[in-house]
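**Q** based on what follows, work out the 3D shape:
(2 chains)
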There are 2 protein chains.
Amino acid sequence: MKLLDGKTLSEQIKAEIAREVKENFLDKGLNAPHLAAVLVGEDPASQTYVANKEKSCREVGFMSSVYRYPANISENKLLEVVDFLNNDQDIDGFIFQLPLPAHIKEHKVIEKINPLKDVDGFHPSNTGRMMLNLPCFLPATPFGIMTLIERYGIETAGKHVVVLGRSNIVGTPVSLLLSRKSVHANATVTLCHSYTRDIKKYSLEADILIVAMGKQGFVTADMVKKDAVVIDVGMHRVPASDTKSGFRLKGDVDFAEVSRKCSAITPVPGGVGLMTIVALLQNTLKAAKKEIK
Amino acid sequence: MKLLDGKTLSEQIKAEIAREVKENFLDKGLNAPHLAAVLVGEDPASQTYVANKEKSCREVGFMSSVYRYPANISENKLLEVVDFLNNDQDIDGFIFQLPLPAHIKEHKVIEKINPLKDVDGFHPSNTGRMMLNLPCFLPATPFGIMTLIERYGIETAGKHVVVLGRSNIVGTPVSLLLSRKSVHANATVTLCHSYTRDIKKYSLEADILIVAMGKQGFVTADMVKKDAVVIDVGMHRVPASDTKSGFRLKGDVDFAEVSRKCSAITPVPGGVGLMTIVALLQNTLKAAKKEIK
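**A** The predicted structure is shown next:
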């Protein structure tokens, strides 16, 4: 069994990005790429995510800014923030840490972002260009999964990929990316979800199983074909008396038993999550290089 | 075996549209919805398609215009045509009959169309909004298929839909539409294509089989599960000595043998093709009513 090690791979890609920042920006007297994040409210998980993104920016030499607003900010005020960030020439790309408070329509905020600065790849224009196989910013988690597959040389053409979970930010886009006509894709893809009858019937047929159900420990060994590749997108805090923090991170896959049956698997933590942050850095670099037009 | 009769259904929906044109437009002193088509070059098939669209417009009381340009029109000139149509307040929606001549980048032309007039649903913004389940113009053929499924009361939730063919205008969008969370969808969808190994293995598992491979007679009875629903998107002119025109229209499915095994099937002609034109009319009506914002 091969561990698809997001930690080592993400460090390697970050080193590549850092080198590019130095050679193509700083050494030429240009400003480093600049990622801004907007954080609304005080949700602890959101704060952690944003802090991790800032840390990753520092590691590769990016500039980063965080714009913080109280949870009761009005939708109109937040739309003005989008305008400001769209027009600020010093910011190459920006993201809104989701979820936003319930009184704000997320899609309204996202649709106001200039697609050329939409480094989370959530704007419909980027989503559509992704489906049409045109240059675009890919959403970070699917992009991270594709990078993992590519860098580990996992064969996808003609393979049966089964995706569990149809969210707009993971399951649906990754199923699209793997089915389209391009190198590192060309897979036959089945998209399963809460309405699927007998998920096990499908998961057992998967050469590559991508699990983004949001249910801790959902996939057990009896659901996985021998020698399958298993990619676990889940991320759950499980109480643990033997850790300093009082919890432990677990995925949607029962790693202990599935790892004994599959040919390759991503751990949680240290798998897809780290690749997601790297994908955001890659998108920001693309934005700074004006690669998407 | 039930025939999914696109002729009867499309006539019925056209009558509904005609009534709405009368009651909500003409009787109120408003202009009828207005669809414009741009036809570049002299391709006979394209001319036929455009003529059929004009005829359908007349049948429901829409206004229609056709803008004809020679095959050697420059890309810039065609982009100016887009500008003109975007700004003409008398035109509710317009389409470019595809394919365009090779020297013109189709995606450049399509991306210049105002998404609110993009009644073919090909603009990335509409594609993206479709994926995100936001209000949008659906591409005509997938929209027509969804209408057929809905009006014939075909159960989709939890069913296994297998789509053969991954084009941007049929296979990929219909696979998305059927897998998303909404009434008349919620299916488990497998998308197959030219890289799929052993297509028969998948097609035999389909409760609903949608065939958009572009290969005449590709699907034979041995590839279809007993009592499956079969939707044939193919459209091929096959030489025939016993018809006045010298040809006969055939689909991707061997109708004679598959129709004896399945529970329901669309004929060719008289199936999906007619629903596609109706979908275009429905989109134009939506545009005239400013339903998409």
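
**Q** which residues of the stretch 1-150 of chain A lie near chain B?
**A** Applying C-beta under 8 Å from any C-beta of the partner chain, one finds that the stretch 1-150 of chain A approaches chain B through A:107, A:123-134. Glycine gets a C-beta too; all of them are placed from N, C-alpha and C.

**Q** next, give me the two most distant ones among those.
**A** Pairwise distances across the residues of the stretch 1-150 of chain A next to chain B peak at 23.5 Å for A:H107 and A:N133 (criterion: C-beta to C-beta).

**Q** quick one: residues contacting the most centrally placed residue in chain A.
**A** By C-alpha atoms, centre = their mean, chain A has its centre lying nearest to A:T141, at 1.8 Å. Residues near A:T141 by C-beta atoms under 8 Å, 6 or more residues apart in numbering or on different chains: A:I169, A:V170, A:V174, A:A212, A:V233, A:V272, A:M275, A:T276, A:A279.

**Q** one more pass at 7 Å, please.
**A** Contacts for A:T141 were tallied using C-beta atoms under 7 Å, 6 or more residues apart in numbering or on different chains; they are A:I169, A:V170, A:V233, A:V272, A:T276.

**Q** ok, A:Y152 next?
**A** Contact analysis of A:Y152 by C-beta under 7 Å, 6+ apart lists A:L4.

**Q** could you measure from it over to chain B?
**A** Computed with C-beta to the nearest C-beta, to the nearest Å, the distance linking A:Y152 and chain B is 20 Å.

**Q** show the pLDDT at that residue.
**A** The predicted local confidence for A:Y152 comes out at a pLDDT of 98.

**Q** backbone torsions only: list them for it.
**A** The phi and psi values for A:Y152, taken as degrees, to the nearest 10, are phi -90, psi 0.

**Q** also A:L35?
**A** Given degrees, to the nearest 10, the pair of backbone angles that A:L35 has is phi -110, psi 130.

**Q** buried ones in the helix ranked longest in chain A?
**A** Taking DSSP state H as the criterion, chain A has its longest helix at helix A:6-24. Neighbour counts using 16 or more other C-beta atoms under 10 Å in any protein chain shown place A:G6, A:L9, A:S10, A:I13, A:K14, A:I17, A:E20, A:V21 of helix A:6-24 among the buried residues.

**Q** kindly reformat the residues you listed as a markdown table containing pLDDT.
**A** Listed next are the buried residues of helix A:6-24 as a markdown table, based on pLDDT from 0 to 100:
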| residue | pLDDT |
| --- | --- |
| A:G6 | 98 |
| A:L9 | 98 |
| A:S10 | 98 |
| A:I13 | 98 |
| A:K14 | 98 |
| A:I17 | 98 |
| A:E20 | 98 |
| A:V21 | 98 |
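
**Q** just the closest of the residues you listed to A:V119, please.
**A** Nearest to A:V119 among the buried residues of helix A:6-24: A:I17, at 13.3 Å, using C-beta to C-beta.

**Q** can I assume that closest one is in contact with A:K286?
**A** No. A:I17 lies out of contact with A:K286 (C-beta atoms under 7 Å); the separation is 10.7 Å.

**Q** which of the contacts of A:T141 fall in helices?
**A** Using DSSP H, the members of the contacts of A:T141 that fall within helices are A:V272, A:T276.

**Q** wait, what's in contact with the residue lying closest to A:I277 once chain neighbours are set aside?
**A** Of all residues not flanking A:I277 in the chain, A:S56 sits nearest, at 5.0 Å (C-beta to C-beta, 6 or more residues apart in numbering or on different chains). Applying C-beta under 7 Å, 6+ apart, we find A:S56 in contact with A:K14, A:I277, A:L281.

**Q** close enough to count as contact, A:E106 and A:K112?
**A** No. No contact is recorded between A:E106 and A:K112 when judged using C-beta under 7 Å, the distance being 11.0 Å.

**Q** and the strand or helix carrying A:A45, what's its mean pLDDT?
**A** Per DSSP states H and E: A:A45 is located in helix A:44-60. The pLDDT scores in helix A:44-60 average 95.

**Q** with stretch A:131-148 instead?
**A** Averaged across stretch A:131-148, pLDDT comes to 97.

**Q** all helices of chain A, in order?
**A** A:6-24, A:44-60, A:75-87, A:106-112, A:124-131, A:140-151, A:171-179, A:199-203, A:255-258, A:272-288.

**Q** residues of the shortest one that come out buried?
**A** So the one you mean is helix A:255-258. Judged by neighbour count using 16+ other C-beta under 10 Å, the buried positions of helix A:255-258 are A:F255, A:V258.

**Q** do the same with the fourth one
**A** Using 16+ other C-beta under 10 Å as the burial criterion, the residues of helix A:106-112 that qualify are A:V109, A:I110, A:E111, A:K112.

**Q** now that helix: how far from the chain's centre is it?
**A** Average the C-alpha atoms of helix A:106-112, do the same for its chain, and the two points are 19 Å apart (C-alpha atoms, centre = their mean, to the nearest Å).

**Q** ok, residues contacting that helix?
**A** A:E75, A:L78, A:L79, A:V82, A:F96, A:L98, A:L100, A:F122, A:H123, A:P124, B:L134.

**Q** closest to A:I145 among those residues?
**A** Proximity to A:I145 was ranked across those by C-beta to C-beta; first place goes to A:F122, at 16.4 Å.

**Q** on that earlier part again, redo the helices of chain A as a markdown table? Include distance to B:K244.
**A** Compiled in a markdown table, those are given as follows (distance: least, C-beta to C-beta, whole Å):
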| stretch | distance to B:K244 |
| --- | --- |
| helix A:6-24 | 64 |
| helix A:44-60 | 68 |
| helix A:75-87 | 60 |
| helix A:106-112 | 52 |
| helix A:124-131 | 42 |
| helix A:140-151 | 52 |
| helix A:171-179 | 42 |
| helix A:199-203 | 49 |
| helix A:255-258 | 64 |
| helix A:272-288 | 57 |
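
**Q** for those helices, which one sits closest to A:H193?
**A** helix A:171-179 (7.2 Å).

**Q** quick one: that closest one to helix B:171-179, angle?
**A** Going by axes from the mean of the first three to the mean of the last three C-alpha atoms, to 10 degrees, helix A:171-179 is angled at 150 degrees with respect to helix B:171-179.

**Q** just the CA atoms of helix A:171-179, as PDB, please.
**A** The C-alpha atoms that make up helix A:171-179 are tabulated as PDB, following Å, rounded to 0.1, in the frame of the first residue of the first chain:
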ATOM      1  CA  GLY A 171     -17.800  16.000  -5.700                       C
ATOM      2  CA  THR A 172     -19.500  17.500  -8.700                       C
ATOM      3  CA  PRO A 173     -16.500  19.400 -10.100                       C
ATOM      4  CA  VAL A 174     -14.000  16.500  -9.500                       C
ATOM      5  CA  SER A 175     -16.300  14.200 -11.300                       C
ATOM      6  CA  LEU A 176     -16.300  16.600 -14.200                       C
ATOM      7  CA  LEU A 177     -12.600  17.100 -14.200                       C
ATOM      8  CA  LEU A 178     -11.900  13.300 -14.200                       C
ATOM      9  CA  SER A 179     -14.400  12.600 -17.000                       C
END
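
**Q** quick one on the thing from earlier: buried among the residues of the stretch 1-150 of chain A next to chain B? Make that a PyMOL selection.
**A** Under the burial definition 16+ other C-beta under 10 Å, those of the residues of the stretch 1-150 of chain A next to chain B that qualify are selected in PyMOL by:
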select buried, chain A and resi 123+124+125+126+127+128+129+130+131+132+133+134
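
**Q** kind regards, and thank you for your time.
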